[in-house]
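got a predicted model here, sequence first, then my questions.
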There are 2 protein chains.
Amino acid sequence: MQRVKLDKIDRRILRDLQEDGRMTNVELARRAGISAPPCLRRVRALEETGFIQGYHADVDAQALGYNVTVFAMVGLASQAEHDLRAFEARAANWPEVRECHMVAGEMDFLLKIVSHSWDEYQKFLTTQLTVAENVNHVKSALSIRTAKNMPGVPIDIDAED
Amino acid sequence: MQRVKLDKIDRRILRDLQEDGRMTNVELARRAGISAPPCLRRVRALEETGFIQGYHADVDAQALGYNVTVFAMVGLASQAEHDLRAFEARAANWPEVRECHMVAGEMDFLLKIVSHSWDEYQKFLTTQLTVAENVNHVKSALSIRTAKNMPGVPIDIDAED
DNA sequence: AGTGAAATTGGTCGCCA
DNA sequence: TGGCGACCAATTTCACT
């Protein structure tokens, strides 16, 4: 990743685009206090240096029938690097697994999984996850309701970094 | 939420916009196999009915100095609805808490928290989270590395629903 | 609800300060 | 770097089907 420092204008652009990814460049420029062309150049630079990794529509999961979100805490039998990578590769290929984090502590991986129903999740659990190679134990935490779900990170315009 | 059924074109639009939120309407229309105006009408309808809840730039957290992601599993002393809501309201006001899920099982809430460093997280933990009213115990799971992080849900173009 | 053309707006480039 | 003007592409509205 680039070690280039961002100025206040860059941070403002990042913050605004994180909040509204479809904001027009002219509006973005207006808020940043500069004109459109340099603003667009900054956005392109932020994209090319990887500060902005992409843009995504935030789709309502429930409206699409994904009523169930489960956090699965997975323990593996072997924590050798090769085996960890193998599990990560498997997780990457399961479409219902949206996030896969390797964590420190009692478990090895924390997965965020979406499903249409508890039954469908159980089926995934029993036919895919628990029977996968090297998987030792799985503890499922069903999300009853999501009180907060903010994408991205807090961006402070006035920062030293 | 609207109980309106989506056709294949709508699902295709949702899928494409979830993958690339800045795709132009003409490109979107081209992929969906219709012309631009009706495509735009569909997008607006999807936005107004809440299927699309917004658009966000995917900002690289590490590049912005957020090197630490922690999942905090929180147990409360009282699970009365009023007390649950009070905790959710508190979580909503902590900017470093990006997600707050009420879960079934041994713990009550699962929080996804971003921080610049482990020290900063510890400070948040000891001065904000553990001392908050009704909080009984907190177990922190530090994310060592993120193997997968896909926003949204899998969208199958050919579905009955 | 989709099409095609028209008008308005925004994105993008070259050049200059 | 940022700003200005020009051109091109995209968005958006309208009349028609």
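Okay, I see it.

list the contacts of the residue of chain A found nearest DNA strand C.
Ranked by Cβ to the nearest atom of the strand, the top residue of chain A for proximity to DNA strand C is A:Asn25, at 3.1 Å. For the C-beta atoms, the positions are set from N, CA and C on the backbone; glycine is no exception. Listed by Cβ atoms under 8 Å, 6 or more residues apart in numbering or on different chains, the contact set of A:Asn25 reads A:36, A:39-40, A:43.

show the buried residues in the residues you listed.
Buried members of those, counted by 16 or more other Cβ atoms under 10 Å in any protein chain shown: A:39, A:43.

return the subset of the contacts of A:Asn25 lying in helices.
A:36, A:39-40, A:43 (DSSP state H).

which of these come close to DNA strand D?
Among the ones in helices among the contacts of A:Asn25, proximity to DNA strand D is found for A:Ala36 (Cβ under 7 Å from any atom of the strand).

from the ones in helices among the contacts of A:Asn25, which is closest to A:Ala63?
Distance to A:Ala63 across the ones in helices among the contacts of A:Asn25 (Cβ to Cβ) is lowest for A:Val43, with 30.3 Å.

which pLDDT value goes with the residue of chain A closest to DNA strand C?
Among the per-residue scores, A:Asn25 holds a pLDDT of 95.

what of the one 10 residues further on?
The score at A:Ser35 is 91. That number is its pLDDT.

name the secondary structure element that contains the residue lying closest to it once chain neighbours are set aside.
Here the nearest residue to A:Ser35 in space, its sequence neighbours aside, is A:Ala29; by Cβ to Cβ, 6 or more residues apart in numbering or on different chains that works out to 5.7 Å. Element membership for A:Ala29, per DSSP states H and E: helix A:25-32.

just the buried positions in that helix, please.
Residues of helix A:25-32 classed as buried: A:28-29, A:32 (neighbour count, 16+ other Cβ under 10 Å).

nearest spatial neighbour of the residue most central in space within chain A, skipping sequence neighbours?
For chain A, the residue nearest the mean C-alpha position is A:Glu99 (6.6 Å; Cα atoms, centre = their mean). Residue nearest to A:Glu99 in three dimensions, not counting chain neighbours: A:Lys112, with 3.9 Å by Cβ to Cβ, 6+ apart.

A:His116 now?
In space, A:His116 is closest to A:Gly65, 5.1 Å off (Cβ to Cβ, 6+ apart).

verify the contact between the one you found and A:Glu120 for me.
No. In terms of Cβ atoms under 8 Å, A:Gly65 does not count as a neighbour of A:Glu120; the distance is 10.0 Å.

anything in contact with each of the two?
Common neighbours of A:Gly65 and A:Glu120 (Cβ under 8 Å, 6+ apart) do not exist.

count the residues that sit near A:Ala147.
Close neighbours of A:Ala147, defined as other Cβ atoms under 10 Å in any protein chain shown, add up to 20.

figure out the helix or strand that A:Leu14 lives in.
Using DSSP H and E, the secondary-structure element containing A:Leu14 is helix A:8-19.

any residue of that helix touching DNA strand C?
No. Using Cβ under 7 Å from any atom of the strand, we find that helix A:8-19 stays clear of DNA strand C, coming within 11.0 Å at best.

and that helix, which residues are buried?
A:9-19.

quick one: which of these is nearest to B:Glu81?
A:Glu19 (31.0 Å).

I'd like to know how far the closest residue to that closest one other than its chain neighbours sits from A:Met150.
Once flanking residues are discounted, A:Glu19 sits nearest to B:His56: 7.1 Å by Cβ to Cβ, 6+ apart. Here B:His56 is placed at a distance of 9 Å from A:Met150 (Cβ to Cβ, to the nearest Å).

again with A:Lys8
Distance from A:Lys8 to A:Met150, by Cβ to Cβ: 22 Å.

before we move on, back to that, hang on, the residue nearest to A:Glu19 packs against A:Gln53?
No. In this structure B:His56 lies outside contact range of A:Gln53 using Cβ under 8 Å: 11.1 Å.

those two: which has the busier surroundings?
Comparing B:His56 with A:Gln53 by neighbour count (other Cβ under 10 Å), the higher total belongs to B:His56, at 22 against 15.

can you give me how far the strand or helix carrying that one is from the chain middle?
Here B:His56 sits within strand B:52-59, counting by DSSP H and E. Distance, stretch centre to chain centre, for strand B:52-59: 10 Å (Cα atoms, centre = their mean, to the nearest Å).

who touches the closest residue to A:Met102 other than its chain neighbours in this structure?
Counting by Cβ to Cβ, 6+ apart, A:Met102 lies nearest to B:Ile144, which is 4.5 Å off, once chain neighbours are set aside. Applying Cβ under 8 Å, 6+ apart, we find B:Ile144 in contact with A:101-104.

repeat for A:Arg42
So A:Arg42 contacts A:9-10, A:13 (Cβ under 8 Å, 6+ apart).

can you redo these as CSV with pLDDT?
Below are these laid out as CSV (pLDDT from 0 to 100):
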residue, pLDDT
A:Ile9, 94
A:Asp10, 95
A:Ile13, 96
